[in-house]
Every structure is written in structure tokens, then in C-alpha cells.
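Engineer: All I have is the shape, not the residue letters:
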Ligand SMILES: [Cu+2]
């Protein structure tokens, strides 16, 4: 047990060196998240996740595959943006971006997901959450000079 803990710690340190921006919190992945973090544990029990953009300009619907998100394995997701009346926003991909990072560590993913449109939904693949802890997915929609963001938090074990 003690031995495996040490190996785990070594792996985490290695990851941290790779990114140069980690702290020690990963060594207790089941511990309480720090104040200010809001992992949507409830949302993770449902397969369709929802979030409002920060200025209420759109609502994000997002489905990960698989669900819940696995640790250190490629996954993909589908999402769409809905307007205030619940109708899908039909906008081109050049106005929409998706990214993810670990806010406690200040680093993102090692992969860059490619977006493609499919019958009103946007597919993003691959994504990879390579460390346990809190991850956030961001979807930004730009109209003119205004960019609005919707985000979802995930706790990955
Ligand atoms: Cu990290």
C-alpha cells in the first residue's frame, strides 16, 4: 500500500514537472475541493449536462461519451447551444470554441479536440483528462465583439 502510494506520487510529480504548474493537492484526490470550486457532482449523475452562459446569451447542452468521464483515457463529447427560447443556435464553427483545463493547476489538456458539426450538434474529439481532480470544460461563443462562455466542472477520479 505504502509502495503503491509512493508510485502514484511519483507519477503525479512527473506530470507536474511536465506542466510545471501543479501543486500537492493531487495527492489527496478524494479530499475536499478548495473553496470557490463548484464540482457539479449532481450534474455528473445525468448524462445531459446543462450550463448557462455567463451573460445568459445561450444555454449549453453537453453529453460526454463515455459518461462519466474516465481518467487518462480519450473521450469525446457532443454539445449544442440553445437561445433564450430553447431553440438551437445555428452558427458556424468559427464562432465557437471548446477547451478544458485544471483550474487548480493552471494547465490544460495534452490534446486539442477537433470540432465538427453533425445534425445540429457539435462533436468534439479527442479530449483527455490525464490527472485526477477538478477539470473544467469551457465553450465560448463569439458574436461580433462579444464572447460569452458557458462552463461545466467535473471531478475525475
Ligand atoms: Cu493537474
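Structural biologist: Thanks, I have it. Because the structure is predicted, anything quoted here is derived from the model rather than measured.
Engineer: Now do the end-to-end distance for stretch 62-80.
Structural biologist: 7 Å (CA to CA, to the nearest Å).
Engineer: So it, near the ion or not?
Structural biologist: No: Stretch 62-80 is not in contact with the ion by CB under 5 Å from the ion; minimum separation 11.5 Å. Bear in mind the C-beta positions are built from the backbone N, C-alpha and C, glycine included.
Engineer: Can you give me the buried ones in that stretch?
Structural biologist: Buried residues in stretch 62-80, counting neighbours by 16 or more other CB atoms under 10 Å, are found at 62, 64, 69, 75, 77, 78, 79, 80.
Engineer: for those residues, which one is nearest residue 132?
Structural biologist: residue 69 (11.1 Å; CB to CB).
Engineer: Off-centre distance for the strand or helix carrying residue 64?
Structural biologist: Counting by DSSP states H and E, the element that carries residue 64 is strand 59-65. Taking the mean of its C-alpha atoms, strand 59-65 sits 10 Å from the chain's own mean (CA atoms, centre = their mean, to the nearest Å).
Engineer: quick one: the strands in the protein?
Structural biologist: Counting by DSSP state E, the chain has strands at residues 48-52, 59-65, 75-82, 96-102, 107-108, 114-118, 121-127, 133-143, 146-156.
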